[in-house]
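Enquirer: fold the stuff below for me.
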Amino acid sequence: MRRRLASAVLLLGALGVAAAQPLAERVELVLKDSVRPRHGLWGLHAVSLSRGEPVFAFQADSFFVPASTAKLFSTAAALIRLGPDYRFRTTVAASALPDSAGVIRGEVRLMGGGDPTLSGRQFPYRRDSQPGNPMEPLLELAKAVARKGVTRIQGDIIGDDTAYYWEPYPAGRAQEDSLWEYGAPVSALSFHDNRISIAVRPGRRVGDAAQIEIQPRVEYFFVENRVKTVAGRGSNVQIARAPGSRQLRIWGTIGAQSKGEGRSLAVDDPALYAAIAFREALIRCGISVSGRAVARHLYPGEPAPAAVAAAGEAILAERVSPPLSDILTVINKESVNLHAELLLCELGRRRAGIGSRAAGLEELGEVMREAGLPEGEARLFDGSGLSMLNMVTPRALTALLAWMDKSPYRQAFRNSLAVAGEEGTLRQRFASQPAARRILGKTGTLSRVNAIAGYAETAEGERLAFAVLVNNHAAAGAEVRAIVDRICMLLVE
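Expert: The predicted structure is shown next:
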C-alpha cells in the first residue's frame with residue numbers, strides 16, 4: 001500500500017504538478033495513519049478544474065458503493081435533459097364538469113406527474129426554514145375544484161400514478177429500508193414524501209397507555225398501541241409493519257417524565273395515501289364525497305393509459321411545481337432519496353413515454369457517455385444511492401463533476417450542493433473551520449459506507465473536483481467521517 005501511495009506522488013512529480021505535490025504528500029500521511037482493516041477500503045481522486053490534471057489519486061479506478069453521492073449522477077442528468085426551469089404537473093380530472101346542481105357523477109382522478117413537492121417542504125431551499133402544513137398543496141387543489149362549482153362527488157377518488165410504472169423499490173435495497181422515511185416507495189403520485197410522522201408521548205399516569213399522534217392526520221394506518229407509561233425519563237419504543245401492510249404495531253415503554261419520541265415512517269402505497277388525503281381535503285373544502293379513496297397503478301409491460309385530452313376528460317384543477325433547479329437544491333443538500341428516484345423515472349418518461357426505471361437508467365447511461373466518463377465505471381441501479389448494488393469509481397465522480405463545471409448549467413449544479421459547515425448534510429461537519437466554506441459537497445452514508453464528492457477551492461484559489469469513498473469499514477461512522485473531513489480540509493488549507 002505504501003509503495004502504491006509513493007508511486008502516486010512520483011507520478012504527480014512527473015506530471016510537473018509542483019504546487020500539488022505537497023498536498024499529495026499530506027494526504028499520503030493521513031492515509032498511512034488511517035487505511036487499515038478497521039477503517040476499510042479507501043478510494044480518492046481530485047483533479048484541477050483549470051488544468052485538467054490530477055492532484056492526487058488513490059485506488060481511483062477501483063469500484064466502491066457510492067451511497068448518496070450517486071445523486072450527483074441523477075441530478076446532473078436531470079439538469080442536462082430537463083433543464084433548470086422544468087416543472088412537474090399534478091392534475092385533477094373527471095369524466096365531465098359538474099351538472100347544474102354541482103354534482104359530478106363518476107370518479108375524480110388525482111393524477112400524479114412525478115412532482116416531489118406535494119408536501120410542506122419550503123421551496124426554494126432555505127437553511128432554517130420550518131416545514132409548513134403538508135396538506136396545503138392538496139387543499140389548494142381541492143379549493144380549485146370547489147371554484148369549478150363542484151359541491152358533491154358521487155364516485156371514488158382515484159389516486160392515479162400511471163404516469164410511471166408501479167415499481168416502488170429499486171433492486172439492491174434492504175427489506176427494512178421500506179419501513180422508514182428514507183426508503184419510501186417511488187410513485188408518480190407522491191404526497192408528503194410518502195411518509196407519516198409519529199409522536200409517542202407518555203400517558204397521564206404510570207401504567208397508562210402512551211399517547212400517539214400521527215401527522216398529517218390522514219386515516220391511512222391502523223395503529224396497535226402497546227406502549228406503556230413507566231416511571232422515570234427513559235423509554236424503549238419499538239415499531240414494526242409487515243411489508244405491504246397498513247397495520248402499525250407500536251410497543252415498549254416510555255417514561256412518565258419523558259419529552260416523547262418521534263419516528264418518520266414510509267407508507268406502502270403512495271397513490272392510495274394521496275387519494276385518502278385528497279378526499280379529506282375535498283371534504284374540508286365543503287365538497288361531499290360518497291365514494292372511497294382508491295389507487296390506480298400501471299404495472300411494467302401493461303399498455304400506457306390514454307392521455308387526459310384523448311379520453312375527453314374535464315380538467316378540474318392543476319398544480320405546477322417549483323422549477324427543477326429549486327428541487328435539485330433540496331435533493332442534494334438534504335439528500336432526499338425519494339426525490340432523486342422520481343427524477344430517474346421522469347428521465348425514463350422523457351425517453352420512453354412512460355416513467356420506467358429501466359428507461360431512466362438507459363437515459364442516465366447516455367448522459368454519462370456524453371460526459372466522457374470512463375466506460376463502465378459507474379454502474380447504477382437507482383437514482384438515490386440507497387441500493388447496495390451501485391458501484392462507482394472515484395475517477396467517474398470527478399469526471400462527472402468536471403464535465404458539469406463546463407456545462408451551461410454549471411451554477412445551478414453547484415448551487416444544489418451543500419456548503420460545508422453551513423447547511424444540509426454538511427451542516428454539523430466542519431462547523432468550527434471557516435476555510436471549509438470553500439467546500440461544496442454531496443455526502444453519502446450507508447452501513448459501512450462513508451463518502452463525499454464535490455468541489456473545493458484551495459487557499460491559492462485553484463478550483464478542484466474531488467471524491468473520497470470509504471467502504472467496508474469496521475470503525476464507528478464518526479471516526480471514519482473525522483478522517484474524511486481531515487482529507488477534505490487539506491484541499492482548502
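Enquirer: and residue 239, that's in a strand?
Expert: Yes: using DSSP: H, G, I helix; E, B strand; the rest coil, the secondary structure at residue 239 is a strand.
Enquirer: skipping its backbone neighbours, what lies nearest it in space?
Expert: Ranked by C-beta to C-beta, 6 or more residues apart in numbering and with sequence neighbours excluded, the top spatial neighbour of residue 239 is residue 250, at 5.2 Å. Where C-beta positions appear, they are placed from N, C-alpha and C, glycine not excepted.
Enquirer: what of residue 90?
Expert: residue 319 (4.6 Å).
Enquirer: what pairs with the strand or helix carrying the one you found, and is each one parallel or antiparallel?
Expert: Per DSSP states H and E: residue 319 is located in strand 314-320. Strand 314-320 sits in its sheet next to strand 89-94 (antiparallel), going by DSSP bridges.
Enquirer: ok now the strand it pairs with, how far from the chain's centre?
Expert: 25 Å (C-alpha atoms, centre = their mean, to the nearest Å).
Enquirer: can you give me the neighbour number for the residue nearest to residue 90?
Expert: 19 (other C-beta atoms under 10 Å).
Enquirer: residue contacts, it?
Expert: 89, 90, 91, 115, 118, 137, 140, 141 (C-beta atoms under 8 Å, 6 or more residues apart in numbering).
Enquirer: surely residue 362 and residue 368 touch.
Expert: No: using C-beta atoms under 8 Å, residue 362 makes no contact with residue 368, being 10.8 Å away.
Enquirer: who's more crowded, those two?
Expert: residue 368 (23 against 14).
Enquirer: now do the buried residues in the strand holding residue 319.
Expert: Using 16 or more other C-beta atoms under 10 Å as the burial criterion, the residues of strand 314-320 that qualify are 316, 317, 319.
Enquirer: for stretch 395-415, same thing?
Expert: 395-405, 409, 412-413, 415.
Enquirer: domain parsing for this structure?
Expert: 2-83+325-492, 87-322 (automatic domain parsing).
Enquirer: now the ones you listed in a markdown table, with mean pLDDT?
Expert: Below are these laid out as a markdown table (pLDDT from 0 to 100):
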| stretch | mean pLDDT |
| --- | --- |
| domain 2-83+325-492 | 91 |
| domain 87-322 | 94 |
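Enquirer: out of those, which one sits most buried?
Expert: domain 2-83+325-492 (a mean of 20; mean count of other C-beta atoms under 10 Å).
Enquirer: just how off-centre is it within its chain?
Expert: 16 Å.
Enquirer: and for stretch 110-123?
Expert: 13 Å.
Enquirer: stretch 319-339: end-to-end distance?
Expert: 17 Å (C-alpha to C-alpha, to the nearest Å).
Enquirer: go on, stretch 422-434?
Expert: First-to-last residue span, stretch 422-434, C-alpha to C-alpha: 10 Å.
Enquirer: how about stretch 53-70?
Expert: 23 Å.
Enquirer: mind putting the buried residues of strand 314-320 in a markdown table, distance to residue 216 included?
Expert: Output for these, formatted as a markdown table (distance: C-beta to C-beta, whole Å):
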| residue | distance to residue 216 |
| --- | --- |
| 316 | 22 |
| 317 | 20 |
| 319 | 17 |
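Enquirer: any idea which element the closest residue in space to residue 251 that isn't next to it in sequence lies in?
Expert: In space, and not counting its chain neighbours, residue 251 is closest to residue 226: 3.9 Å by C-beta to C-beta, 6+ apart. Using DSSP H and E, residue 226 sits in strand 222-230.
Enquirer: quick one, phi/psi of residue 41?
Expert: Phi and psi for residue 41, reported as degrees, to the nearest 10, are phi -100, psi 140.
Enquirer: contacts only, for it.
Expert: 59, 62, 64, 470, 471, 472, 473.
Enquirer: would you mind measuring from it to residue 66?
Expert: 13 Å (C-beta to C-beta, to the nearest Å).
Enquirer: quick check: which element contains the residue nearest to residue 123 when sequence neighbours are not counted?
Expert: Distances taken as C-beta to C-beta, 6+ apart put residue 322 closest to residue 123, at 4.1 Å, once the chain neighbours are dropped. Here residue 322 is covered by no helix or strand, with elements defined by DSSP H and E.
Enquirer: just residue 485 next, same as before
Expert: Per DSSP H and E: helix 477-492 holds residue 485.
Enquirer: for that helix, give me every contacting residue.
Expert: Contacts of helix 477-492 (C-beta under 8 Å, 6+ apart): 23, 26-27, 30, 34, 39-40, 44, 46, 420, 429-430, 433, 435-436, 438-439, 441, 445, 450-452, 456-459, 464, 466, 468, 470, 473.
Enquirer: can we see that at 7 Å?
Expert: Outside helix 477-492, the residues that touch it by C-beta atoms under 7 Å, 6 or more residues apart in numbering are 23, 26-27, 30, 34, 39, 44, 46, 429-430, 433, 435-436, 438-439, 450, 452, 456-459, 464, 466, 468, 470, 473.
Enquirer: then stretch 193-203?
Expert: 119, 181, 184-185, 187, 209-215, 220-221, 227, 229, 237, 250, 254-256, 258, 260-267, 270, 273, 338.
Enquirer: let me know the outermost residue of the protein.
Expert: residue 100 (45.0 Å; C-alpha atoms, centre = their mean).
Enquirer: give me the phi and psi for that residue.
Expert: The phi/psi pair for residue 100 (degrees, to the nearest 10) is phi -60, psi -20.
Enquirer: which parts of the stretch 251-400 of the chain are strands?
Expert: Taking DSSP state E, counting those that start in this stretch as the test, the strands found in the stretch 251-400 of the chain are 261-266, 288-289, 293-296, 314-320, 378-379, 391-392.
Enquirer: could the ones you listed go into JSON lines alongside distance to residue 168?
Expert: Shown next, in JSON lines, are the strands of the stretch 251-400 of the chain (distance: least, C-beta to C-beta, whole Å):
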{"stretch": "strand 261-266", "distance to residue 168": "10"}
{"stretch": "strand 288-289", "distance to residue 168": "26"}
{"stretch": "strand 293-296", "distance to residue 168": "11"}
{"stretch": "strand 314-320", "distance to residue 168": "23"}
{"stretch": "strand 378-379", "distance to residue 168": "22"}
{"stretch": "strand 391-392", "distance to residue 168": "23"}
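Enquirer: out of those, nearest to residue 159?
Expert: With C-beta to C-beta as the criterion, residue 159 lies closest to strand 293-296 of these, at 4.8 Å.
Enquirer: gap between that closest one and the chain center?
Expert: On C-alpha atoms, centre = their mean, the centre of strand 293-296 falls 25 Å from that of its chain.
Enquirer: identify all contacting residues around that strand.
Expert: 156, 157, 158, 159, 160, 162, 269, 271, 272, 275, 276, 279.
Enquirer: sheet partners, orientation included, of it?
Expert: strand 157-160 (parallel).
Enquirer: please list the outside residues in contact with the strand it pairs with.
Expert: Here strand 157-160 has contacts from 107-112, 189, 271-272, 274-275, 278-279, 289, 291, 293-296, using C-beta under 7 Å, 6+ apart.
Enquirer: might one say that residue 218 is in contact with residue 277?
Expert: Yes: using C-beta atoms under 7 Å, residue 218 is in contact with residue 277, at 4.7 Å.
Enquirer: ok, now which ones touch the residue nearest to residue 123?
Expert: 117, 123, 124.
Enquirer: could you do residue 140 as well?
Expert: Here residue 140 is in contact with residue 319 (C-beta under 7 Å, 6+ apart).
Enquirer: state the helix or strand in which it lies.
Expert: helix 136-147.
Enquirer: parallel or antiparallel, list what pairs with the helix or strand following that helix.
Expert: Under the assignment DSSP H and E, the closest C-terminal helix or strand after helix 136-147 is strand 152-154. Partners of strand 152-154 in the sheet, by DSSP bridges, are strand 103-105 (parallel), strand 288-289 (parallel).
Enquirer: brilliant, that's me finished.
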